[in-house]
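In: quick check, what structure comes out for this input:
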Amino acid sequence: MPRCSWCGSDPLYVAYHDQEWGVPERDPRALWEKLVLDGFQAGLSWITILRKRDNFRAAFDGFDPERVAGWDEARIAGALQDPGIIRHRGKIEATVRGARLFLDIEAGPGFSPWLWSFVGGDPVVNGFASAAEVPAATPESTAMSKALKARGFAFCGPVITYAFMQATGMVNDHLTGCPRHAEITRPSAV
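Out: Alright, predicted model coming up:
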C-alpha cells in the first residue's frame, strides 16, 4: 500500500512520515517544541522547517523551556544572526514568550493534558481515503487556537494547530490506504 502522498520521495520527509507524523506524543517538552516549529512554519513549507530542525534545537537550547524563558534581548539578537534557523524576530520573540507560558501551564493543569483535552484525551482516528477529504482546520483546532491565543501564544491559528494535532498524533490523518493509518491506530501504538 502506498504511504500518504504529501511526503513525496524526499528521504527526510519519508522518514518523518514513517516514524513521527501522527504518533501520539505526550511528552510536554516535545509538544512545546513541535508547537514552536509549527509556528515557525507559518508561511513556509514543513520540509523547510524539517531540514532546519537540528539547527533550531541547537539555537533554542534543545527546546528546554526553562532556559528559553530566561532569554534576554542579547539572546534574541544572537538568534536573529543564526543562518541555520528562520530569522524572524516576531517568531523568535513568540518562542521566548511561549516558553514562559509553557512553564505557567505546566505548573497548573500540565501542558500535555491541557493540549490533549481538546481531543478528549485520546487520538481522533479519521478515515479519510484521499488528501482532498482532509480538512485544513476543525472545531477542535479552532478551540485550541483560541485557547492558546487567550493565554498569549502567537503563530498558532487554527490551521497551524490542526497541523500540530496531526503531527503529534492527537489526530490520525494518515489516509486509510497508508500502512501507518492502521499501525498508529492499534492500541499498542497509543
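In: Ala15: neighbouring residues, count only.
Out: Ala15: 13 surrounding residues under other Cβ atoms under 10 Å. Placement of C-beta: from N, CA and C, glycine included.
In: which SSE is the residue positioned nearest the centre of the chain in?
Out: For the chain, the residue nearest the mean C-alpha position is Lys34 (3.2 Å; Cα atoms, centre = their mean). Taking DSSP states H and E as the definition, Lys34 sits inside helix 28-41.
In: also compute the angle for whichever helix in the chain runs longest relative to helix 28-41, please.
Out: Ordering each helix of the chain by length in residues (DSSP state H) puts helix 89-107 first. Here helix 89-107 runs at an angle of 160 degrees relative to helix 28-41 (axes from the mean of the first three to the mean of the last three Cα atoms, to 10 degrees).
In: mind listing the strands for the protein?
Out: With DSSP state E, the ranges of strands along the chain come out as 124-125, 171-172.
In: what lies in contact with the last one?
Out: For strand 171-172, contacts defined as Cβ atoms under 8 Å, 6 or more residues apart in numbering pick out 22, 119, 123-126, 138, 140, 162, 165, 181, 184-185.
In: rerun at 10 Å
Out: Contacts to strand 171-172, defined as Cβ atoms under 10 Å, 6 or more residues apart in numbering, come from residues 21-24, 119, 123-128, 134-135, 138, 140-141, 162-166, 180-185, 189-190.
In: and stretch 75-89, how far out from the chain middle?
Out: 20 Å (Cα atoms, centre = their mean, to the nearest Å).
In: now do the closest residue to Trp32 other than its chain neighbours against Thr48, distance only.
Out: Distance criterion Cβ to Cβ, 6 or more residues apart in numbering; nearest residue to Trp32, sequence neighbours excluded, is Phe102 at 5.0 Å. Taking Cβ to Cβ, to the nearest Å as the measure, Phe102 and Thr48 are separated by 24 Å.
In: follow-up on the earlier one: got the CA coordinates for the helix holding Lys34 in PDB?
Out: Once non-C-alpha atoms are left out, helix 28-41 reads as follows in PDB (Å, rounded to 0.1, in the frame of the first residue of the first chain):
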ATOM      1  CA  PRO A  28       5.300  18.200  27.300                       C
ATOM      2  CA  ARG A  29       8.700  19.400  26.100                       C
ATOM      3  CA  ALA A  30       8.300  17.600  22.800                       C
ATOM      4  CA  LEU A  31       4.800  19.000  22.400                       C
ATOM      5  CA  TRP A  32       6.100  22.500  23.000                       C
ATOM      6  CA  GLU A  33       9.000  22.000  20.500                       C
ATOM      7  CA  LYS A  34       6.500  20.900  17.900                       C
ATOM      8  CA  LEU A  35       4.200  23.800  18.600                       C
ATOM      9  CA  VAL A  36       7.100  26.200  18.200                       C
ATOM     10  CA  LEU A  37       8.300  24.600  15.000                       C
ATOM     11  CA  ASP A  38       4.800  24.700  13.500                       C
ATOM     12  CA  GLY A  39       4.700  28.400  14.400                       C
ATOM     13  CA  PHE A  40       7.900  28.900  12.500                       C
ATOM     14  CA  GLN A  41       6.400  27.100   9.600                       C
END
